[in-house]
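# A predicted structure for the sequence below; I have some questions about it.
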Amino acid sequence: MSQEKVLRTLESVGLSSSDAQLYIFLGKRGPQKARDIAAALKMPKNLLYLSLKNLQTKGIVNVSLERPARFSAEPFEKVLDIFVRTKLEEVEKIESTKAEILLDWQSIAVGINPERFPKFTVLGGRSCIFSRLRRMIQEARREILVISSIPGLVHAEQSGLLDSLTPNTKLRFLTELSEKDLDALKSFLRQKRRAIEGRVPELGLRLFGKIVIRDCEEAVFFLSNDERIHDQKSDVCLWTDCEALVNSFVGMFENLWKTSTDIEEKIVQASNGGNPLQTCLIASSQEAEAKYHEAIDLSEEEIVMITSSGRLDYELHKGVLEKKTRDGVSVRIMVPITGKNFKVAGALSDFCEIRHVTPSHVDTTLVDGKHLFQFKSPFSEQDNKKIEYFQNTLYVNDPKYIEKTAAMIHDIWQKAYAPLFVQPEKPRTSAKSTAAPIVEEKRSKTYAKVFNFLERPNIPSNTSEKEILSKILNARRRSARNCQKEGITLYGSLAQAFIHPPSDIILPDMMIQVFNNRPQSSFGAAVLLCIYLKTETNQGFSYIPAVMVQTDQGLAKFNGVVNSGTMIETYNYLFKKGEIEVREQSNSLFVGWAKPIQLPGKDAIPPAGILFEGYGEVRTNVAKLAIANGWQILSEGNSLEAFTTIYHPSFGYSGPGTDGLFFRDSIITYIPPSRYASSA
């Protein structure tokens, strides 16, 4: 066992990191004096003696009677026995007093309101997560639905999770199948002892994270998709029994399930070269490219593409698609809309239909409902990358397979978002060079219509990404006692997006901002969700501040003052912990709420979740906002453009990257009118 594994094992049984490192040091070096240990580990003496005392109390470090004393470690196998015995004794003690504890609980629980409220819980660490999953599986009466990778399924089997399935409970799972996981999947299916059914989505769809759903009543969804056993502490997921969110995940699962292929059939296909009947894998990039362009040139009715963002510029300047539309061929393109391809997509929309989809699909082209092409690598105009794109192209002309695939593509098209493009004013000569400024202009113009902000100028600044991060890490909490006179500062992260609900949802367009405040913020760690509604005014449409939801009473009171004169004075809600949760993972942020958010009038946003997925390059932004009542807001942050996905059965919404931002590191400073006037 490596030192790193020993360290993780000791931490997993309850030792702190410093205690575990100290034990390993003594185990390797033998008896040591305290001053030598402190010097070798560069550990302060007060921390060293505290760790030594903890380890002595647990019986895994000994001290000699000589002066100065020497400290030595018990053998590792004995240490493990001590911890195993301790855990068993704890379990036996709880088991023996279980009846008494339950009686005590009943005596104090008489006055508890039995009404059930939907809630969220953040689960961290694999042991905590597996404990919850085991309980869910044990309590399942009808069905467990799972979206997971094959390594995740295998690990669940090996850890005994699936042993908890009752004979009457069915398990259905969706997974991705690759050649390297084929043997592991076969082994997993051989081990199944109860009703287990699996499928693999078509079109090479990449599944969203990992999800486990019990009886359509509760769900666990992971924010991390890392299967590495050695990284157990990084596992983070959210558990919820919120009916709307659970139904959203069930609906997503069922939509994928009905258009997926049985796992046994997929195994046969993979074993025979990975292709359905009447298909071929074209290994030669030249041959594949020639066959593809031949099919495009001969098309007579329709060309449908699901493609990656980098391919749009190539298609625009090649001019083939524009020529085909003049010949009467319908061209539809589904692509992730980003800042880099925004102008190009707008130019293509002059002669074909463009819709935004999430970047979770393999590049696919369907020609006249007769020829299907799939490409494994993302497109790039570089010669060597272009060769990789066309290598091992999957070509299908089997009518039954294409009919099924065409129905799936149509379904994706119906649910895709059709963005409003800013059309280029100049001839299409160099779409690349001006794409970002056009997006920024569009975004700036939209932000200018956010009511209550008189201005939003960018401040000339040489502030770097590291400086923003350093400010947050080194920040000290600023008192909120005199916040109305002195202002406040919020440290953490911020996600925001312009949301355009589907036409069948009776809700206006809106801008949603989510603040995840760290403990060093003036009001401490807290969640703040702001909703601006798109409303017609005398000056045209504006995004008017309408609702604020927060988890801290002091912050709620402060926002009521700052937003005086707006609807937020009335629609300023305080949610309890568990009613709204925010969780970050890498460049993503998820927010979910478990009860409706009432909007002005009769409308309400039902319980739902929003995932913001940052992408591209990090940019440092500094801006100052002047509010109509005299307050000012200084905003500093490191931002990414972000895709936005709403999880709710009725929404089915995924917004383009141009409509969202994720400030991974954010500092928001509220400056009261008095301080601003005195500094001026």
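Received, thanks.

# from the chain's centre, how far out does stretch 178-191 sit?
Distance, stretch centre to chain centre, for stretch 178-191: 27 Å (C-alpha atoms, centre = their mean, to the nearest Å).

# show the average pLDDT along that stretch.
On average, the pLDDT along stretch 178-191 is 78.

# give me the buried positions along that stretch.
In terms of neighbour count (16 or more other C-beta atoms under 10 Å), stretch 178-191 has its buried residues at Asp181, Leu182, Leu185, Phe188. C-beta coordinates here come from the backbone N, C-alpha and C atoms, glycine included.

# same thing with stretch 661-680?
Of the residues in stretch 661-680, those buried by neighbour count under the rule 16+ other C-beta under 10 Å are Leu661, Phe662, Phe663, Arg664, Asp665, Ser666, Ile667, Ile668, Thr669, Tyr670, Ile671, Pro672.

# tell me which helix or strand the fourth one sits in.
So the one you mean is Arg664. When secondary structure is defined by DSSP states H and E, Arg664 falls within strand 660-671.

# show me what that strand is packed against.
helix 465-473, strand 488-499, strand 608-627, strand 632-647 (3 or more C-beta pairs under 8 Å, 6 or more residues apart in numbering; DSSP states H and E).

# nearest to Glu300, of the ones you listed?
Proximity to Glu300, assessed across the helices and strands packed on strand 660-671 by C-beta to C-beta, is greatest for strand 632-647 (34.9 Å).

# next SSE after the closest one?
Per DSSP H and E, the first helix or strand lying C-terminal to strand 632-647 is strand 653-655.

# identify all contacting residues around that next one.
356-358, 416-417, 497-502, 643-646 (C-beta atoms under 8 Å, 6 or more residues apart in numbering).

# could the buried residues of stretch 178-191 be laid out in a markdown table, adding secondary structure?
Conversion of the buried residues of stretch 178-191 to a markdown table gives the following (DSSP: H, G, I helix; E, B strand; the rest coil):
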| residue | secondary structure |
| --- | --- |
| Asp181 | helix |
| Leu182 | helix |
| Leu185 | helix |
| Phe188 | helix |
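
# out of the residues you listed, who's nearest Ser522?
Where the buried residues of stretch 178-191 are concerned, and distances follow C-beta to C-beta, Ser522 has its nearest neighbour in Asp181, at 49.2 Å.

# for that closest one, what are its contacts?
Under the criterion of C-beta under 8 Å, 6+ apart, the contact partners of Asp181 comprise Ser149, Ile150, Pro151.

# top of the residues you listed by neighbour count?
For the contacts of Asp181, the largest neighbour count, defined by other C-beta atoms under 10 Å, is 22 neighbours, found at Ile150.

# still on that earlier bit, so the strand holding Arg664 versus strand 632-647, what angle?
Taking axes from the mean of the first three to the mean of the last three C-alpha atoms, to 10 degrees, strand 660-671 and strand 632-647 form an angle of 150 degrees between their directions.

# let's test this: mean pLDDT of strand 660-671, rounded?
Averaging the model's pLDDT scores along strand 660-671 yields 92.

# tell me which element Arg254 falls in.
Check again: residue 254 is Glu, not Arg. Short version: Glu254 belongs to helix 243-258, going by DSSP H and E.

# likewise for Leu366?
Leu366 belongs to strand 363-367, assigned by DSSP H and E.

# how far out from the middle of the chain is the next helix or strand after that strand?
Along the chain past strand 363-367, the next helix or strand (assigned with DSSP H and E) turns out to be strand 371-375. Centroid displacement of strand 371-375 relative to its chain, using C-alpha atoms, centre = their mean, is 30 Å.

# start the count at 5, not 1, going forward
Fine by me, first position is 5 from now on; the one you just mentioned is strand 375-379.

# and for strand 375-379, what's in contact with it?
Contacts to strand 375-379, defined as C-beta under 8 Å, 6+ apart, come from residues 207-208, 292, 296, 299, 366-371, 393-394, 397-401, 405-406, 409.

# out of the residues you listed, which sit inside strands?
Of these, the ones assigned to strands by DSSP state E are Asp367, Thr368, Thr369, Leu370, Val371, Thr397, Leu398, Tyr399, Val400.

# which member of those residues is positioned nearest Ser381?
For Ser381, the nearest member of these is Asp367. The distance, counting by C-beta to C-beta, is 8.3 Å.

# ok, the residue nearest to that closest one when sequence neighbours are not counted - how many residues close by?
Closest residue in space to Asp367, ignoring its immediate chain neighbours: Phe379 at 4.2 Å, by C-beta to C-beta, 6 or more residues apart in numbering. Phe379 is flanked by 23 other residues according to other C-beta under 10 Å.

# and Phe379, what pLDDT?
Looking at Phe379, its pLDDT is 85.

# any idea how far it is from Thr265?
20 Å (C-beta to C-beta, to the nearest Å).

# still on that earlier bit, the ones in strands among the contacts of strand 375-379 into CSV, with extra columns for neighbour count, distance to Pro72 and pLDDT?
What follows is those, written out as CSV (neighbours: other C-beta atoms under 10 Å; distance: C-beta to C-beta, whole Å; pLDDT from 0 to 100):
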residue, neighbour count, distance to Pro72, pLDDT
Asp367, 22, 70, 88
Thr368, 23, 73, 91
Thr369, 20, 77, 93
Leu370, 23, 79, 94
Val371, 22, 83, 94
Thr397, 24, 73, 87
Leu398, 20, 72, 86
Tyr399, 19, 78, 89
Val400, 20, 78, 88
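
# ok so, going back, what residues of the helix holding Glu258 count as buried?
Buried positions in helix 247-262, judged by neighbour count with 16+ other C-beta under 10 Å: Glu247, Ala248, Leu249, Val250, Asn251, Ser252, Phe253, Val254, Met256, Phe257, Leu260, Trp261.

# checking the residue nearest to Ser568 when sequence neighbours are not counted next. Helix, strand or coil?
Excluding the flanking residues, the one nearest Ser568 by C-beta to C-beta, 6+ apart is Asn633, at 6.0 Å. Per three-state DSSP, the local secondary structure of Asn633 is coil.

# my guess is Asn633 contacts Glu573, does it?
No: using C-beta atoms under 8 Å, Asn633 makes no contact with Glu573, being 11.4 Å away.

# mutual contacts of the two, please.
In contact with both Asn633 and Glu573: no residue, using C-beta under 8 Å, 6+ apart.

# need the contact list for Asp367.
Taking C-beta under 8 Å, 6+ apart as the definition of contact, the neighbours of Asp367 are Met309, Ile310, Thr311, Ser312, Arg315, Gln378, Phe379, Pro382, Phe383, Tyr393.

# in helices, which of those appear?
Mapping the contacts of Asp367 onto helices (DSSP state H) picks out Tyr393.

# which of the contacts of Asp367 fall in strands?
Secondary structure assignment (DSSP E) places Met309, Ile310, Gln378, Phe379 from the contacts of Asp367 within strands.

# Ile584 against Phe124, yeah?
Yes: the pair Ile584 and Phe124 passes the contact test of C-beta under 8 Å, sitting 7.3 Å apart.

# hang on, the earlier thing: tabulate the helices and strands packed on strand 664-675 (JSON lines), appending distance to Leu178 and mean neighbour count.
What follows is the helices and strands packed on strand 664-675, written out as JSON lines (distance: least, C-beta to C-beta, whole Å; neighbours: other C-beta atoms under 10 Å):
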{"stretch": "helix 469-477", "distance to Leu178": "38", "mean neighbour count": "15"}
{"stretch": "strand 492-503", "distance to Leu178": "27", "mean neighbour count": "23"}
{"stretch": "strand 612-631", "distance to Leu178": "18", "mean neighbour count": "19"}
{"stretch": "strand 636-651", "distance to Leu178": "16", "mean neighbour count": "22"}
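
# make a markdown table out of these and add mean pLDDT and distance to Val67.
Below are the helices and strands packed on strand 664-675 laid out as a markdown table (pLDDT from 0 to 100; distance: least, C-beta to C-beta, whole Å):
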| stretch | mean pLDDT | distance to Val67 |
| --- | --- | --- |
| helix 469-477 | 88 | 38 |
| strand 492-503 | 93 | 44 |
| strand 612-631 | 87 | 51 |
| strand 636-651 | 90 | 49 |
